[in-house]
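Colleague: Give me a 3D structure for the following:
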Amino acid sequence: MLPVSPRKSPAGLDALRQRIALLERRTAIPEPAGSRTMAEAWRLGSGVLDRALPESGLALGGLHEAASAASGDGPAAACFLAALLARLRRRDGRRAVLVCQSRTSPFGRLYGPGWRDLGLGPADLLLLSARRDRDTAWAMEEGLRSASLAAVLGEVESLDFTLSRRLALAARESLTPALLLRRDGLGPASAAFSRWRVAALAGRADPFDEAAPGPPRWRLDLLRCRGGRPAICDVEWNRETADFGVAAALADRPAAPRAAARRPALARAAG
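Modeller: Below you'll find the model as predicted:
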C-alpha cells in the first residue's frame, strides 16, 4: 500500500477519494445536473417489483442476470429479458441492442416474429453468434464500453466472478444496461446488480382469438438486488404499454358456449 504524503493538496486528496470510490463501485463522483446516473430508475411497471428495487427500478448502469427455475423454463427466462429490452426501448428508441448468443444454445436461434411481437424489430437488433462463453463476455464488454448501444444481452453456460465484474464495471462506466441469461442456474457468485430466477406460468387465451396464445406470464423471483430486497411476483406482459402487470389468477371452468350453438334452442323456444 503506497503512503500518502501529508503535503498532498486537498484537491489531490479529493481526486484520490473519488477514484477509490469508483473502484469500489460507489456513486461518489458528482455528475452535471440533468445527466443520467447509475441509480436512475429503469422501472418495470409492476408495483410489487418496483417497490423491492432501489430507487423503484433497476439501475441503468448495471449487470442484471436471469436463469430458469427449472430445466424447461429457459425460453421463459430469455423471453423475460427480451421483454426488459422492449421496455427499455420505449425510453431509448434511437440506439440498437446488441444480442450475443451462444452457438451451442439448447434453445436454438432467436425467433424473429417473437421478438417483433414484443416490440423489437430487425432494425433494433445487432446479432452476434459466439463459440465460447469468454467470447460472449468479450463481445458484451466491447459493446458496453462503446457507449453507443441501448443495452447488451448475452447468453452463457456459466461465467466466473472476474468476467462478471468486468461486465458490471463496463456497464457502470457507460451507463448501459447489461443483461445476462445464465444456463448454470445462478450457481457461482457474481458481481451482478440484480439476479432473477424465472418460471413460466400458464397464460390466458388471446382476447381476440381464443385459439391463439395470450400474453406471456412469468413467476419472477428476485433473489438479490444491491440496495433492494428479495421479492416474488407473478406478472403478465402488456404489449400495448410494455410493462409487467400483476397476473390475475386463472379460473378453472368450462368454456363458454358458442353463440351458434345457442341459436337452435332459442328458435325452438320462439316456435
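Colleague: Let me know how buried the nearest residue to residue 205 once chain neighbours are set aside is, in neighbour terms.
Modeller: In this structure, residue 205 finds its nearest non-sequential neighbour in residue 214, 5.3 Å apart by Cβ to Cβ, 6 or more residues apart in numbering. Backbone N, C-alpha and C define where each C-beta goes, glycine included. By the criterion of other Cβ atoms under 10 Å, residue 214 has 16 neighbours.
Colleague: Residue 214 reaches residue 203, doesn't it?
Modeller: Yes. In this structure residue 214 lies within contact range of residue 203 using Cβ atoms under 8 Å: 4.7 Å.
Colleague: okay, and the common contacts of these two?
Modeller: Listed as contacting both residue 214 and residue 203 by Cβ atoms under 8 Å, 6 or more residues apart in numbering is no residue at all.
Colleague: now the closest residue to residue 72 other than its chain neighbours: how far from residue 61?
Modeller: Spatial nearest neighbour of residue 72, chain neighbours left out: residue 200 (7.4 Å); criterion: Cβ to Cβ, 6+ apart. For residue 200, the distance to residue 61 (Cβ to Cβ, to the nearest Å) stands at 30 Å.
Colleague: Neighbour count: the two, which is higher?
Modeller: residue 61 (25 against 20).
Colleague: quick one: secondary structure of that one?
Modeller: coil (DSSP: H, G, I helix; E, B strand; the rest coil).
Colleague: so how far is residue 241 from it?
Modeller: Counting by Cβ to Cβ - residue 61 and residue 241 are separated by 25 Å.
Colleague: Could you pull up the residues touching the residue nearest to residue 205?
Modeller: Taking Cβ under 8 Å, 6+ apart as the test, what residue 214 contacts is 203, 204, 205, 206, 207.
Colleague: what's the burial count for residue 164?
Modeller: 22.
Colleague: wait, is it part of a strand?
Modeller: No. Counting by three-state DSSP, residue 164 is located in no strand; its state is helix.
Colleague: Quickly note the distance from it to residue 192.
Modeller: From residue 164 to residue 192 the distance is 6 Å (Cβ to Cβ).
Colleague: do the same with residue 150
Modeller: 19 Å.
Colleague: Residue 124 too?
Modeller: Distance of residue 124 to residue 192, computed by Cβ to Cβ: 24 Å.
Colleague: Tell me which of the two has more neighbours.
Modeller: The neighbour count for residue 124 versus residue 192, taken as other Cβ under 10 Å, is higher for residue 192 (27 against 18).
Colleague: Check the secondary structure at that one for me.
Modeller: Three-state call for residue 192 (three-state DSSP): coil.
Colleague: doesn't residue 63 make contact with it?
Modeller: Yes. Using Cβ under 8 Å, residue 192 is in contact with residue 63, at 4.6 Å.
Colleague: Between those two, which contacts overlap?
Modeller: 164, 168, 180.
Colleague: how about those residues in CSV, adding distance to residue 77 and pLDDT?
Modeller: Shown next, in CSV, are these (distance: Cβ to Cβ, whole Å; pLDDT from 0 to 100):
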residue, distance to residue 77, pLDDT
164, 17, 95
168, 19, 97
180, 11, 97
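Colleague: can you pull out the helices in this structure?
Modeller: Taking DSSP state H, the helices of the chain run over residues 10-23, 47-52, 74-91, 112-118, 133-146, 161-174, 259-270.
Colleague: weakest of these by average pLDDT?
Modeller: Ranked by mean pLDDT, these bottom out at helix 259-270, with a mean of 50.
Colleague: send the alpha carbons of stretch 215-228 over as CSV?
Modeller: Extracted as CSV, the C-alpha positions of stretch 215-228 are listed here (Å, rounded to 0.1, in the frame of the first residue of the first chain):
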residue,chain,number,x,y,z
PRO,A,215,-49.5,-12.6,-23.4
PRO,A,216,-46.6,-14.3,-21.7
ARG,A,217,-46.7,-14.8,-17.9
TRP,A,218,-43.8,-15.5,-15.5
ARG,A,219,-43.2,-16.1,-11.9
LEU,A,220,-40.3,-13.7,-11.1
ASP,A,221,-38.1,-14.4,-8.1
LEU,A,222,-35.8,-11.5,-7.3
LEU,A,223,-33.1,-13.3,-5.5
ARG,A,224,-30.7,-10.5,-5.0
CYS,A,225,-30.6,-6.8,-5.7
ARG,A,226,-28.0,-4.3,-4.4
GLY,A,227,-29.8,-1.9,-2.2
GLY,A,228,-33.1,-3.7,-2.7
